[in-house]
Structures are given as C-alpha cells and as structure tokens.
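**Q** Predicted model and sequence below, questions to follow.
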2 protein chains.
Amino acid sequence: MTDLKKFFEPKSVAVVGASKKPDKLSTAIMRNIINSGYQGTIIPINPKETEIMGYTCYPSIAAIPGDLDLALMVVPAAKVLASVRECGEKGVKNVVVISAGFKEIGEEGQELERQLVEICNEFDINVMGPNCVGVMDTNTPINASFTAAAPMKGDVAFISQSGAILLAALDWSSTVGLGYSRVISIGNKANTNEIDYIEEVANDPGTKVIMCYVEDITDGPRFLKVAGEAAKKKPVIIYKAGVSQAGAQAASSHTGALAGSDLAYDTAFKQAGIIRAHSMTELFELAIAFTRCPIPAGDRVAIVTNSGGPGIIATDNVELKNLQMARFAESTIQDLRENLPKESNIHNPVDVLGDARTDRYQYALNKVLEDPNVDSVLLMMCPTAVTEPVDTSKAIVEAQKAHPEKPIFTAYMGGPILAEGAGISAANGLPTFTFPETCITCLDGMNRYRKFLGSLERKQAPAQLQVDQ
Amino acid sequence: MTDLKKFFEPKSVAVVGASKKPDKLSTAIMRNIINSGYQGTIIPINPKETEIMGYTCYPSIAAIPGDLDLALMVVPAAKVLASVRECGEKGVKNVVVISAGFKEIGEEGQELERQLVEICNEFDINVMGPNCVGVMDTNTPINASFTAAAPMKGDVAFISQSGAILLAALDWSSTVGLGYSRVISIGNKANTNEIDYIEEVANDPGTKVIMCYVEDITDGPRFLKVAGEAAKKKPVIIYKAGVSQAGAQAASSHTGALAGSDLAYDTAFKQAGIIRAHSMTELFELAIAFTRCPIPAGDRVAIVTNSGGPGIIATDNVELKNLQMARFAESTIQDLRENLPKESNIHNPVDVLGDARTDRYQYALNKVLEDPNVDSVLLMMCPTAVTEPVDTSKAIVEAQKAHPEKPIFTAYMGGPILAEGAGISAANGLPTFTFPETCITCLDGMNRYRKFLGSLERKQAPAQLQVDQ
C-alpha cells in the first residue's frame, strides 16, 4: 500500500464530475474544498466546461498538466472505472470514490466494485470508498466531502463506516465542542479500510485521539496488530454496530459485509487496548474526555459536591465501574474538618453543602487535588439559591491549571442557571457534562486505557529490573 | 394520616420566619409563592413586623385570625418545635419544615426531629421535611419553595428525597421541555414519605406520570402495596440511589437512613410494576416518553431511517432490550418496494436513503404506521445534503395525528442543521432525542409497563372467560 498521507495533505485535488449546476453533489464538494481554506491546486474535471467556480476545468484526468495528488470521483458508478484507470495511468495514487452504486446495491454493483479494486490494485491506487462522504483534514486544511456542517478544528480523528453517522457527528459536535483533526468516510472499503486509516492517523502528529464507528472488521489478525500498536501511542475508541443478530443482518445489507460475533470483537478489542464505547453518546463523550484530559495516574476518584443526592449517585457509579473512591490522607480530612462548616461531609464524597459559594468550593477542590491519594476529581454543582456558577467555574479552571496532571470532570446538574458556568468550564478544556454518570463512564474508559498502558510497561519492566538488581 | 391535599391546594399559606431582608431563604419562598400566581391568602409570620411584601404580618401562628391550611417553617431548627405546636393547637394539619439542622446533622438533630415527630403525631399533623426545598403544584398554582427556577407546567409529579436534585431537575427540565404537575421535596421524611406522596399523586387528576428520586425506602411492604396500586393507574418511574456499598454509606450520612440491598429493591420494583430508571438521564427521558406517548399496544418496533448506520444501531438496541423488530405485512413490503427507490431497504429497518426528502419519509412512515404488525415507530434523521428537517418534521407530526395510538419516537442525529425540525417534533409532543439508543430505552420502559398492565388483565381474565364459556 502506498502512502495514505496524500488523502489528507494533497498538493492538488481534482473533482471528477464537477459542474456549474448549484444543486449537484460535486458542487457541494467543490464549495467545501474552497471554503475549507485549502491552499493547494483545485482542478474541476468536466468535458463540457473550461472553467468552474473560477478554476480551470479539464476534460479528463489524463488532460491535467503536471502531477495530481488526489482525485475525487463524483460521477455515476458506471463512469468511475474509466476515470480511475486514467488516474492509474497518470500515476495518481489516491482516489476517493464518493459515488454510490457499488457493492451496497447488490450483484451488479458487486461486479463493478470488483473491477474497481482490480484497476486500483493494478496501478497501486489507494481507494477510499466507494459510497462515501469524503475526507477532511483540518490542519492541512481540506474538506473534500459533501457534508453540510464543516468540522471544528481539533485533535480527534474520526473514521466512520457510516457516512450518515459522520454527517450527524459533525453537525452534533459543534453543540458539544468536539473538534476533529481528520474525518474519514470509509464507505464500502474497496481496498482500504479502518485498519489502514487507524495505522495512518496513529502517526499523525495532529491527532491525539482515534475514534471509530465500524460495522464489520474483515481482517481480524491485522486489525489486532495495527490497532494494538496504535493504542500504544494514543487512545483508540471504537463503537461497533451490528452486535445483535438482527443488527448484524441490517449491517450485512448496508455495506454487504457480514458482522462477526460480538464476543469475538469484545475480546479482540480488550486485547488490543481499544476502548469500546457502548453507545453513540458514549463514543463522543469518551472522545471529549480523552482529548481534554490527561490520563489519570490511578483509579482513585474524589468527589466534591454541593449536595448529598448527586454525591450518592456519583459514588454508586464509581463503585459499579472499576474505579475506587479515594481515601483521603489524614491531613486532608483534618484541613477539611477545620475549614468547612461542621455539617459538611469531609470524607469522600466531600459535600460542601447547598450554601457553598465559590470560596468554599475552591478550598475543598484544592485540598483534594493536593491529596496524594487522589487521582482524579469529579466536581458537581446543583443550582441552589446561593450557588455562584460563574465565579466557581473560574476557580475550577484555576485549580486545574495548578494541578494539570489530575483530571477534573465537571457535572453541572441544571440548565439555564448553570449554563454560563458550564460554558466557562468547557471553553477552558474541562470535560463538562450535565450528569455525574457521564463523567464516571469517561473516567472508567480512561482507567481502562491507563491499565492497558500499565500492562505494556509491566511487560517491558522485568528485564530491566533484573539488570538493575 | 390526614388529607395531604392541602399541601398542594391550600386556601391559605403562612411563612414562619418571613423577613424584609432580601437575601433570606424565607424571602425567596415568599417571592416564589407570589410569583407562582397563587390565589389564596399569603400570611407572613414575624413578631417584629406588621407587613412584609405588602401582606399583613402576624407575630405567630396562634395570632392568625381564621383557618390556616398550610404552614411553612423557615426558622432555625430550635425554634421550629414551638411553632409546630402552635399549628397543632390551631388545627393546622399540614406543615412543611424547610429548616435544616435535624436528623441529617447527627445526634443533637436526631433528638430534635424525634420531638418534632412527637408533636406532629400528637396533633395529627402531616409534616413534609424537615430539611427540604418545599412543595409546588402548577395547577393550583403554588410554588412554596426556595427554588431559583420555576417549574414548567405539565403532568409529571416529581417526588425527590434530594432537594438538590429537585433544584437541578427544575432548571434542567426547561431545556428538554419537561413540565410538572406537582414537585415534592420529602427531605428527612419525619412523618410523611415517598409512599404517602405516591398515594396522593396517584389520585391527582393533574398527574399523568409519577417520577421519584429515592435513597432509602423504610417501609417495604407498604411501599409495595401503595406503589403497586399507583402503578395500576399511571406509570411510576423510580431512580434509586445508594445501590453500591459506598453509595449506600454516602446515603446513610446524607439523610441518616440506611439504604437497603439493591437486589431487594429491584425485585420489589418489578413486583409492583414500577419502571426502574438506571441513571438520572434515563429517569427524565422515561418521564418525557410516558408523558408524551400512548403506551404501545405491543413490543413490535418499526424503524424508518435515512441512513444505514443509525438503522443498525437502532436494530441492535431493539434486540438487546426486550423488544422486537416488527415484521411487516406482505402488502406493506409490496407497497414500499413499488414506491421507494430500488436501493432502499424495504424491510425493517426501512432505509429511505440519504437523498430522501419529505415525500419519501412521509410515504414510508405512513405505510409502516398503517401496518397492523407495527406497535411503535422510531424515526431517525441524519443531516444529508438534501434532508428537509422542517418539512419532514411537520409530516411526522401529521402522521402521528393520523395514528395517535402508535407512538412515534424521533431521533434527530445532529445539531444546528436539525435543530428547528427537532423543535417542531418536540413542540408537538413527540418524544424527541438525539440518538436512537435513548428512544429504544424509553420504548423498553414503556413495554415493561405494558407487560405489567397486561399481567393485571390476565389475573382478572380467567374468571370471566370461564363464565363466557
């Protein structure tokens, strides 16, 4: 397989099937490439035009003067093959086939896709798709896709077998502030698949977290190897659809691939150190957590709350997951006892009480962050008559700066009253959610990853220890 | 126990501890009563004032001329007892003790609470609290509490052992459009508890759904009996906190009650036909579903989607819960085959494809709603280039009107692009969420309730059947 990087950092890109009609898919793609601020050469291809949207138009791939890094196919399926062959002959190694009408439509399309793969393999072409939304890199930048919403810049790479979920993710993400480094729509996976792109983004310095939506994984052993290597470098979070029998059947008719046994996936994911998300919400929430937080050094969670009930809910969730309630050092308990009102709970969960203003939150939060027995903090806020969400949020941000190694998760249990405070927390990079359950689920995911990294160290450690002794 | 109705529909209400100082808790309560549009008599009690906020002030409960339906205590714990005794002597049967400083603070407070209960029992007074937020009824209307956010009017009664979660729920609910009939903060549950209030709201015509947050239930047998009777009339949804060992300990220090074994609760809840929510989010989501939807007649779910991936996710969730994918009648399949594009999936999940505009969604949705093998529908939308969220949402609302007996759940998988469409769906009373998992969890909860109601019918049915034969 040739270099995949040109999918993401092309010096030139051609849109085969570009058009002057405003409602064409190819027009949306041209517009996205231009609007993304792409600095390379944009080349529309259409035998009937000489200029499109201000760019010189060529009749075919073959007619383009000079090199071409990336070609996008947005012509009917039947016309794709000839154009891809031209790419091969010209030495273009990266082709995105947006066009549908291949394996997903049945026998006729299957044959077309078989021929497409044949041509690509003959010329050593990497094909993304067919039947895909396109590709984006916010660092290059380029948005070579037909999405309606542009990706926010960030450090999560999203690889999705479903184009629709990718569209949904981009639109939805702006509401929760999740930004992307690269967005990859793998479609029918003709000759490149999630494994290839996991390998590629694992080496992308702009990517901190790898997030995948997959329906089937065809090459188990290679997946295990590649994803396992990637997971050593950065968190790999995967949502696997098609886990039920009916779901697997639906997946089968969707992209023509059979989804395997769920248990096998579960085992494989664990072995490879992959964080498995159990719902779409969890997939995105885990990505938010991993991109915003350091990995906590251990599983000991401290809870600071202004109310008992949420403290109990959070405690339940800590214990039901594989986390521990931190046991504070004697000095911490002493300090909290001396400086908080006597009705406060000074053990974990720390209840600073409903009448807590910023100063009391700040004192308690800093004390538990200083405690060596605490690895992470969940801070919760309920809107009481005296809660100061804005000032308290600023204090939380300061506390995080003073203890950058310990993640602080924030649960703002409310709506309009807490919204500005929650906004400050989120804008300053803290993982910010409404309910404590979400925070604990994320901490559990991070803890699973911490254990995986720890198991790697232990595998390497013994030999060194022997040398030292 | 005397009538609890006067907590919710009092003709007169006194605020013991009312003040002219703007930042007092009692001032917030006076303000809430006034702002809620309460039409009864408002009586501030303060020996140092003759008028507060324009209302005649009396020095004590005893000094009030005429009857009093409801007294709120907002004075220090030590002063509460004398005032409650005055209530007893005057014949006031309903007292809300907002004041903290009772059982929750330890031995000293325990003794005070014991004495409070003694006085209340002596005079046959129902006491709500102590250590509570207050009480609301949006139909009376009255908001006799110190919440910052006012409850939206609706038909969900919320009984909460945690005042903070009640505050959070009111603030948060406005963002998801959940309205309340009654909101009840039970606090330390001195001589009334969740059981009494479940019994009361079960008979409230303004309440369609009962929602509870509880940490402990002290009288198991009576709870089973009362909640079981309530569940026959309307859905009872409960979130039980303190399920883990550490969580139960935290609950114990919160209200001084010991939370029992989680398994025992689980069994009891099932027996009584109670819908158990497994997270705070689920508690509210289930309440939204039950208040907006009819109970589906069966467990057969049809899915209509404009994209394969979400269809697979939804199918997975249907199968992982105790629901079934509907098997369409032959005529439905035939109609869909003849009228949808050939690439569409015409079996369940119905995939109307990414290029579906309103007409195609409308056709498919109406066809599956007409199918006798379909009990409920999950409609999903991803934002593609041609999706028409506003017009399609209007069509969904019309389809719901034409088939009011079959719930339509909507998942708008996106953000800003779909927001207006989602708003139309929600404003017209359809349960509207972002991801399909949420919809299926709600349908599962409704199905559990349907089965409970069905089991009641079966218990009654045999005798009749014998007579008929």
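**A** Noted; the coordinates are in hand.
**Q** who touches residue A:156 in this structure?
**A** Counting by C-beta atoms under 8 Å, 6 or more residues apart in numbering or on different chains, residue A:156 touches A:178-181, A:207-211, A:287, A:291. Any C-beta I mention is one placed from the backbone N, CA and C, and that applies to glycine too.
**Q** cutoff 6 Å now
**A** Residue A:156 is in contact with A:180, A:209, A:211, A:287, A:291, counting by C-beta atoms under 6 Å, 6 or more residues apart in numbering or on different chains.
**Q** same deal with residue A:168?
**A** Listed by C-beta under 6 Å, 6+ apart, the contact set of residue A:168 reads B:382, B:413-414.
**Q** What residues sit buried inside the one helix or strand it maps to?
**A** Assigned by DSSP states H and E, residue A:168 belongs to helix A:163-176. Across helix A:163-176, burial judged by 16 or more other C-beta atoms under 10 Å in any protein chain shown covers A:163-174.
**Q** which one of those is nearest residue A:308?
**A** Distance to residue A:308, by C-beta to C-beta, is smallest for residue A:172 among the buried residues of helix A:163-176, at 33.4 Å.
**Q** isn't the closest one right up against residue B:416?
**A** No. Shown here, residue A:172 and residue B:416 do not form a contact pair, counting by C-beta atoms under 6 Å, at 9.0 Å.
**Q** secondary structure class for the residue nearest to the spatial centre of chain A?
**A** With distances taken as C-alpha atoms, centre = their mean, residue A:211 lies nearest the centre of chain A, 3.5 Å away. Classification of residue A:211 using DSSP: H, G, I helix; E, B strand; the rest coil returns strand.
**Q** And for residue A:112?
**A** Recorded secondary structure, residue A:112: helix (three-state DSSP).
**Q** In chain A, what helix or strand scores lowest on average pLDDT?
**A** helix A:245-255 (a mean of 66; mean pLDDT, DSSP states H and E).
**Q** near chain B, which residues of the stretch 351-469 of chain A show up?
**A** Residues of the stretch 351-469 of chain A lying near chain B by C-beta under 6 Å from any C-beta of the partner chain: A:382-383, A:385, A:413-415, A:417, A:435, A:437.
**Q** rerun at 7 Å
**A** With the criterion set to C-beta under 7 Å from any C-beta of the partner chain, the stretch 351-469 of chain A comes near chain B through A:354, A:382-385, A:413-418, A:434-435, A:437.
**Q** Next: the stretch 101-250 of chain A.
**A** The stretch 101-250 of chain A has residues A:105, A:146, A:148-149, A:161-162, A:164-165, A:167-168, A:171-172, A:174-175, A:213, A:215, A:241-247, A:250 near chain B, with proximity defined as C-beta under 7 Å from any C-beta.
**Q** now do 8 Å
**A** A:104-105, A:146, A:148-149, A:160-165, A:167-168, A:171-175, A:213, A:215, A:241-247, A:249-250 (C-beta under 8 Å from any C-beta of the partner chain).
**Q** Could I get the average pLDDT for the top helix by length along chain A?
**A** As assigned by DSSP state H, the longest helix anywhere in chain A is helix A:436-468. Mean pLDDT, computed over helix A:436-468, is 81.
**Q** Same question for stretch A:14-28.
**A** On average, stretch A:14-28 scores 94.
**Q** swap in stretch A:293-306?
**A** Stretch A:293-306 carries an average pLDDT of 96.
**Q** chain center to that stretch, what's the gap?
**A** Taking C-alpha atoms, centre = their mean, to the nearest Å, one finds the center of stretch A:293-306 at 22 Å from the center of the full chain.
**Q** That one and chain B, any residue contact?
**A** Yes. Stretch A:293-306 reaches chain B (C-beta under 8 Å from any C-beta) through residue A:306.
**Q** quick revisit: in a markdown table: the buried residues of helix A:163-176, plus pLDDT.
**A** What follows is the buried residues of helix A:163-176, written out as a markdown table (pLDDT from 0 to 100):
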| residue | pLDDT |
| --- | --- |
| A:163 | 92 |
| A:164 | 90 |
| A:165 | 92 |
| A:166 | 94 |
| A:167 | 92 |
| A:168 | 91 |
| A:169 | 91 |
| A:170 | 92 |
| A:171 | 91 |
| A:172 | 86 |
| A:173 | 85 |
| A:174 | 82 |
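**Q** ok, so of those, who is nearest chain B?
**A** Set against chain B, the nearest of the buried residues of helix A:163-176 by C-beta to the nearest C-beta is residue A:164 (2.8 Å).
**Q** Measure how buried the closest residue to the closest one other than its chain neighbours is and give me the count.
**A** For residue A:164, ignoring the flanking residues on the chain, the nearest one in space by C-beta to C-beta, 6 or more residues apart in numbering or on different chains is residue B:307 at 2.8 Å. Residue B:307 has 28 neighbours, counted by other C-beta atoms under 10 Å in any protein chain shown.
**Q** Test my guess that residue B:307 contacts residue A:162.
**A** Yes. If you go by C-beta atoms under 8 Å, residue B:307 and residue A:162 touch, sitting 6.5 Å apart.
**Q** Report the rounded mean pLDDT for the one helix or strand residue A:424 maps to.
**A** Counting by DSSP H and E, the element that carries residue A:424 is helix A:416-427. Averaged across helix A:416-427, pLDDT comes to 95.
**Q** list the helices and strands it packs on?
**A** Packing partners of helix A:416-427 (3 or more C-beta pairs under 8 Å, 6 or more residues apart in numbering or on different chains; DSSP states H and E): helix A:389-402, strand A:408-412, strand A:432-433, helix B:163-176.
**Q** export it as PDB, just CAs?
**A** Presented in PDB, the C-alpha positions along helix A:416-427 are these (Å, rounded to 0.1, in the frame of the first residue of the first chain):
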ATOM      1  CA  PRO A 416     -30.100  27.900  32.200                       C
ATOM      2  CA  ILE A 417     -28.900  28.900  35.700                       C
ATOM      3  CA  LEU A 418     -25.700  27.000  35.300                       C
ATOM      4  CA  ALA A 419     -25.200  27.400  31.600                       C
ATOM      5  CA  GLU A 420     -22.700  30.300  31.700                       C
ATOM      6  CA  GLY A 421     -20.600  28.400  34.300                       C
ATOM      7  CA  ALA A 422     -20.700  25.200  32.300                       C
ATOM      8  CA  GLY A 423     -19.600  27.300  29.300                       C
ATOM      9  CA  ILE A 424     -16.500  28.600  31.100                       C
ATOM     10  CA  SER A 425     -15.600  25.100  32.200                       C
ATOM     11  CA  ALA A 426     -15.900  23.700  28.700                       C
ATOM     12  CA  ALA A 427     -14.200  26.600  27.000                       C
END
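**Q** residues of it that come out buried?
**A** For helix A:416-427, burial by neighbour count (16+ other C-beta under 10 Å) applies to A:417-418, A:421-426.
**Q** ok, which stretches of the stretch 151-300 of chain A are strands?
**A** Along the stretch 151-300 of chain A, counting by DSSP state E, counting those that start in this stretch, strands occupy A:153-160, A:180-185, A:209-214, A:236-240, A:275-277, A:300-305.
**Q** This completes my enquiry, with thanks.
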